[in-house]
Structure formats: structure tokens, C-alpha cells
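Asks: Fold the following for me, if possible:
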Amino acid sequence: MQDSLAARLDRLAPVKEIAQIGAAIGREFSYSLLRAVAGRDEPALRTALAQLEEAELLFRTGAPPDARYTFKHALVQDTAYETLLRSRRQILHRQIADALRGEFAAAEPELVAHHLTQAGLDEPAIEWWGKAGDQALRRSAFKEAAAHFGKAIEFADKLAATAPSAASGSNWLRLQTSLGNALIWAKGYQAPETRVAFARARELASQVEDVSERFSAYYGLWVGHLTRCEPAPAREMAELFLREATARPNCPEVLVGHRISGVTRWYLGDFADAQKHFQNTLELYDPACHGDFANKFGQDPRAAAEIFDALTLWVLGRIDEALPLADRAVADAESAAHAPTMGYTLAFAALLALFRYSSEAVATYSQALADIAARYDLPAMWVGRAAFLQGWAKWSDGADESRLAEMRRGLAIVREQGYIWLLPSLEAALAEAEASAGETDAGRRRLDDALAELERTEQHWYEAEMHRIRAEIVLKRDPTNTAAAEQSLRAAIAVAQSQKARSFELRAALSLAKLYRAANRNADAHAAPAPAVEDFLSTKQFPELTAARALLAALSP
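Replies: Down below sits the predicted model:
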């Protein structure tokens with residue numbers, strides 16, 4: 001068939017070159033691009049194209065100059081292309097790339113990159129594969145972006161091997177960190193490819209004098225350490241980022257340094273210090289300056305800081321500040337129109353709703369997270385988080401085994417992805433659900449394992465709640481085991497007080513008061529929540545405060 005097609009083209013010798021140029025452009029091409037490359041006068045070009053149409057080698061839609069042509073079959077394109085000498089192919093690809101860069105403004109930079117590659121022009125190909133990757137990132141097409149950045153780096157490596165002086169260290173580092181950022185959302189935080197990309201970025205960063213080019217590498221390394229629950233190196237990278245950013249006058253990346261420092265402090269349970277960093281982030285945010293930071297640093301820094309500030313304010317007992325801020329974070333994430341920012345913000349908005357035991361809010365946010373993950377093909381970890389939260393929302397409306405199974409499935413997906421951060425809290429929520437469904441032994445074992453994991457990974461931010469939940473499970477398993485429950489509740493209160501976690505403290509203190517009241521220890525029942533209630537900001541959005549005040553009133557002499 002290929003021989004037959006070649007013979008047909010030979011019989012059309014006067015117009016064969018037009019078919020060859022079209023084949024070099026692609027299976028489909030526009031009249032305007034063909035005209036720019038062919039350099040023929042209009043009558044001759046239209047006549048040649050008409051002959052190729054009559055020979056049924058090309059199909060046309062529209063009329064010149066707006067016409068588009070398609071080869072009847074891929075084999076027709078291949079045959080026309082293979083009749084070109086290699087040197088002629090390279091010339092054509094260069095002319096096509098020049099035309100695309102000029103008159104056609106490179107609406108699809110990957111096409112320019114492809115033709116520069118085929119022309120053997122490695123150095124400009126690096127630039128255009130990078131542009132293609134940047135454009136794909138902005139469209140949240142992460143697998144496509146990773147592929148484009150990968151090609152750019154392949155050519156950069158090749159160029160560095162043959163002409164070291166021609167490879168720019170800062171540009172090379174930018175490509176490497178961009179690849180890492182794309183892989184975070186194409187493969188996941190802990191995918192081998194992601195870890196390799198940022199490890200190499202750190203190596204390149206040490207060779208670059210311009211600090212501004214190193215920040216994306218620092219961010220990628222920080223987020224990897226954090227999600228693997230490696231607190232010491234995560235803290236080191238956050239401190240390095242903030243130190244180098246603050247050392248530079250008017251450095252726009254300072255707010256990112258504050259944001260990742262805040263998340264690191266939050267992870268460790270230092271809520272008061274974390275909140276200061278989040279507030280600094282929000283005060284420094286400037287849409288004109290930081291609007292494109294989502295593609296460099298994982299998420300839009302404003303929305304990401306807002307949702308964590310909301311979580312932190314809620315834990316600190318500033319309920320009426322926290323809840324509107326969470327709503328604003330979700331709205332700002334939607335305005336950013338950046339899939340990772342939307343997914344990230346929805347996931348943590350759902351976590352805040354879980355803190356509040358609001359099944360309706362968890363259901364709303366987790367469904368939105370599942371939709372975003374499916375629409376943008378986000379890594380399985382986000383699918384697992386959404387599945388777990390959806391199962392929890394259903395469980396809170398009435399526990400049954402199918403809903404527990406959904407939670408277990410989601411948790412297994414998250415764990416399989418190597419995402420350890422937040423797992424103790426999810427394990428605690430599942431343990432609580434298991435105990436409510438009558439599986440108290442399983443729930444207690446799960447919670448004890450989660451507490452052990454918490455100690456190992458130092459993610460103390462949920463420690464107080466986990467001790468409280470353990471007490472509740474102990475009592476469900478054996479209502480007479482009040483000593484063990486009291487011990488866990490006292491541990492919860494002590495941790496919460498050390499962290500200034502007023503909401504967690506009040507919740508645990510209320511549980512302890514109920515335990516004492518059931519044992520007719522009314523004086524102790526009155527004393528337990530009194531310190532937590534004192535100076536707690538009045539709100540109707542925290543039922544535990546209302547319950548604690550009612551209990552104190554009932555027990556007052």
C-alpha cells in the first residue's frame with residue numbers, strides 16, 4: 001500500500017512538494033500555515049491543493065484562506081514524509097517552527113517545540129518545551145506538563161554534555177523544579193519520579209547563585225519531607241526558605257516562607273506560632289505580585305494560608321473567626337481556577353468540618369474534592385482522601401459496615417500512596433466509627449496504633465483529640481473502666497493546654513466532667529470544665545461550649 005501511495009505521489013510530481021510540506025506539518029494543517037512555509041503564490045498553491053484533493057489524498061474543511069486539510073490516512077502522511085531527504089526534513093521543520101513563532105504566535109508551544117526538535121535545534125527546543133510545560137501547568141494538565149518538562153530536561157542534559165557553557169544553570173534548575181511541581185499533581189508527593197526530580201533540583205540549586213531560582217526547589221523538598229512525616233528536615237527546609245527570603249530586600253517569596261513555616265509549626269502542634277505565620281502570609285499577599293505563585297509553589301498562597309489559618313483559629317478557640325475564613329478560602333480557591341488549590345482547600349475544609357462533627361459540610365466538601373480529583377486526574381491520594389471523608393459523612397448519619405468499608409478503602413489508598421501526614425487523625429476518626437458500630441476492640445487497637453504512629457512522626461497537632469477519642473472508646477468497650485478513661489482525658493487536657501488548643505481542651509474537659517458526674521463526683525465535675533470555659537470566646541457555633549456552660553450551671557451550688 002505504501003508503494004502504491006508513493007507511486008501516486010510520483011504521478012503528481014508538480015504538487016508532490018506541497019504534500020511533503022503538509023506531511024512535515026502534521027496529519028492536519030491549515031492553509032495559512034502551509035502558505036507561510038511553502039512560499040508559493042496563491043493561485044499555484046490553491047491549484048496544487050485542489051489536485052491533491054481530487055486524488056483523494058487530502059480532505060478539506062472550509063475555504064482558503066481559512067481552510068484546513070487532513071491527510072486521508074496516516075499512511076498517506078507517512079509516505080509523503082518519508083520521501084523527503086533528511087536534510088530537507090530538517091529545513092522544513094525549521095521553517096514551520098519559524099512560521100509558528102512568528103505569524104501564528106505559538107498558540108500551541110508544544111508544536112513549535114516538536115518542529116524545533118525535528119529540525120535538530122536543541123537549544124531553542126529546550127525553551128519551547130519549557131513554555132509548553134508552563135502552559136500545560138496553567139491548564140492543570142499535569143501529566144502533559146511533566147512530559148513537556150521531561151523533554152526539555154532531556155535536551156538540556158544533552159546540551160550540557162556536549163557544550164557545558166551553553167546550558168544555563170538557573171534555567172536548568174527552573175525546568176527541574178517545574179517538572180517536580182508537575183509530578184506532585186501527576187504522580188503524587190511520594191512517587192519515585194517526584195522524589196528524584198526534587199533531589200536533583202536540590203543538587204542543581206547548590207550550583208546556582210541566584211537565590212530566587214532556588215525557592216521552588218526548597219518548596220518541593222519541604223513538601224516531600226512534610227508528607228513523609230520527616231519533621232526535622234521539613235523544619236530545616238522551611239527555616240532555610242524563610243531565612244533566605246527575608247535576607248533579600250522586597251523578596252516576593254517571603255510570604256511562601258511564612259506559609260510553609262506556619263504549616264510546619266501546625267504539624268508540630270504549635271498553633272499560636274503557626275497562626276502568626278499564616279497571618280503574615282495573608283498580610284503580604286498581593287495578587288499582582290503573587291498571582292502566578294500557584295504554579296511555582298503547589299497552591300495559591302492566599303487560599304492555602306486562609307484554610308490553614310481557619311483550622312488554626314478553630315483549634316485556638318476563635319470559632320467565629322475561623323468559619324467565615326474557611327468559606328473565604330474555598331471561594332478564593334475557586335477564583336484562582338487552579339485545580340490543586342481547589343483540591344487542597346476542599347480537603348482541609350472537609351477536615352475542619354470533621355473536627356466540628358459536621359456531616360453535612362464534610363459530605364459537601366468531600367464530594368467537591370472527588371469531582372475535582374476526577375476532572376483533573378489528580379493522584380490517587382486525593383481520591384482516597386475524598387472516599388474516606390465521604391464514608392465518614394455517611395457514617396455520622398448512621399454507622400454500618402458498608403460505610404466503614406468505604407472509610408477503610410479510602411484510608412488504604414492514601415497509605416498506599418506513601419502519604420503519611422494526617423493519617424493518625426484519619427485513623428482516629430475510623431477508630432471512633434468502628435467503636436460506634438460495636439467494633440470496640442478493633443477501634444481501640446487502631447487508635448493505639450495511631451497514637452504510636454503519632455509519637456514516631458511527631459505530628460502532635462491532633463494528639464489531644466486522639467487521647468479524648470481513646471477515652472470514649474475505652475468507655476464504650478467497658479463502662480466500668482473509668483480509671484483508664486480518666487487517664488486518657490487528663491492526657492488530652494494536658495496536651496491541649498500546652499498547645500493553647502482551647503477547643504480541644506474544652507471538648508476533653510467536658511467529657512471528663514460527664515465522667516465525674518456519672519460517678520456522682522459533682523465537685524470534680526464542676527471543676528473539670530471551669531478553666532476551659534473561662535475566657536472562651538462566646539459563640540453559637542461550638543455546641544460543646546453551650547453544653548459545658550449548662551453543666552456548670554446545673555452543678556453550681
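
Asks: in stretch 480-495, what counts as buried?
Replies: 482, 485-486, 488-493, 495 (16 or more other Cβ atoms under 10 Å). All C-beta atoms are positioned from the backbone trio N, CA, C, and that covers glycine.

Asks: could the residues you listed be laid out in TSV, adding pLDDT and distance to Gly317?
Replies: Listed next are the buried residues of stretch 480-495 as TSV, based on pLDDT from 0 to 100; distance: Cβ to Cβ, whole Å:
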residue	pLDDT	distance to Gly317
Thr482	97	27
Ala485	98	24
Glu486	98	23
Ser488	98	21
Leu489	98	18
Arg490	98	20
Ala491	98	20
Ala492	98	15
Ile493	98	14
Val495	98	15
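
Asks: want to throw those residues into JSON lines with secondary structure?
Replies: JSON lines is the format used below for those (DSSP: H, G, I helix; E, B strand; the rest coil):
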{"residue": "Thr482", "secondary structure": "helix"}
{"residue": "Ala485", "secondary structure": "helix"}
{"residue": "Glu486", "secondary structure": "helix"}
{"residue": "Ser488", "secondary structure": "helix"}
{"residue": "Leu489", "secondary structure": "helix"}
{"residue": "Arg490", "secondary structure": "helix"}
{"residue": "Ala491", "secondary structure": "helix"}
{"residue": "Ala492", "secondary structure": "helix"}
{"residue": "Ile493", "secondary structure": "helix"}
{"residue": "Val495", "secondary structure": "helix"}
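
Asks: For the stretch 51-200 of the chain, which segments are assigned as helices?
Replies: With DSSP state H, counting those that start in this stretch applied, the stretch 51-200 of the chain shows helices at 74-82, 86-101, 109-118, 122-138, 142-162, 169-186, 192-205, listed in chain order.

Asks: what's the most buried one of these?
Replies: With neighbours taken as mean count of other Cβ atoms under 10 Å, the helices of the stretch 51-200 of the chain reach their highest mean count in helix 169-186, at a mean of 24.

Asks: Any regions of the stretch 351-500 of the chain where pLDDT drops low?
Replies: 397-401 (pLDDT under 70).

Asks: In space, what's closest to Lys276 - neighbours in sequence excluded?
Replies: Spatial nearest neighbour of Lys276, excluding adjacent residues (Cβ to Cβ, 6 or more residues apart in numbering): Gly262 at 7.7 Å.

Asks: same thing with Leu183?
Replies: Closest to Leu183 by Cβ to Cβ, 6+ apart is Thr194, at 4.2 Å.

Asks: Touching, that neighbour and Gly224? I think so.
Replies: Yes. Counting by Cβ atoms under 8 Å, Thr194 does reach Gly224; the two are 7.2 Å apart.

Asks: Might you report the residue contacts of the closest residue to Val254 other than its chain neighbours?
Replies: Distance criterion Cβ to Cβ, 6+ apart; nearest residue to Val254, sequence neighbours excluded, is Ala245 at 4.4 Å. By Cβ atoms under 8 Å, 6 or more residues apart in numbering, the residues touching Ala245 are 215, 251, 253-254, 256-257.

Asks: Helices - which of those land there?
Replies: Secondary structure from DSSP state H places 215, 254, 256-257 of the contacts of Ala245 in helices.

Asks: Farthest-apart pair in those residues, please.
Replies: Phe215 and Val254 (10.0 Å; Cβ to Cβ).

Asks: ok, back up a step: of all the helices of the stretch 51-200 of the chain, which one comes closest to Ala513?
Replies: Closest of those to Ala513 is helix 169-186, at 45.1 Å (criterion: Cβ to Cβ).

Asks: quick one: that closest one to helix 142-162, angle?
Replies: Orientation check (axes from the mean of the first three to the mean of the last three Cα atoms, to 10 degrees): helix 169-186 against helix 142-162 gives 150 degrees.

Asks: picking up where we left off before, distance of the residue nearest to Leu183 from Gly180?
Replies: 6 Å (Cβ to Cβ, to the nearest Å).

Asks: ok, now Arg101?
Replies: From Arg101 to Gly180 the distance is 28 Å (Cβ to Cβ).

Asks: List the residues that contact the residue most central in space within the chain.
Replies: For the chain, the residue sitting closest to the mean C-alpha position, by Cα atoms, centre = their mean, is Pro340 at 4.0 Å. Residues near Pro340 by Cβ under 8 Å, 6+ apart: 140, 184-185, 294, 298-299, 378.

Asks: The residues you listed in strands, which ones?
Replies: Nothing among those maps onto strands, per DSSP state E.

Asks: Taking those residues, tell me the two that lie furthest apart.
Replies: Ala294 and Leu378 (14.5 Å).

Asks: among the helices of the stretch 51-200 of the chain, which is nearest Asp286?
Replies: Of all the helices of the stretch 51-200 of the chain, helix 122-138 comes closest under Cβ to Cβ, at 19.4 Å.

Asks: Let me know the helix or strand that the residue nearest to Val254 is in.
Replies: Ala245 is part of helix 231-246, with elements assigned from DSSP states H and E.
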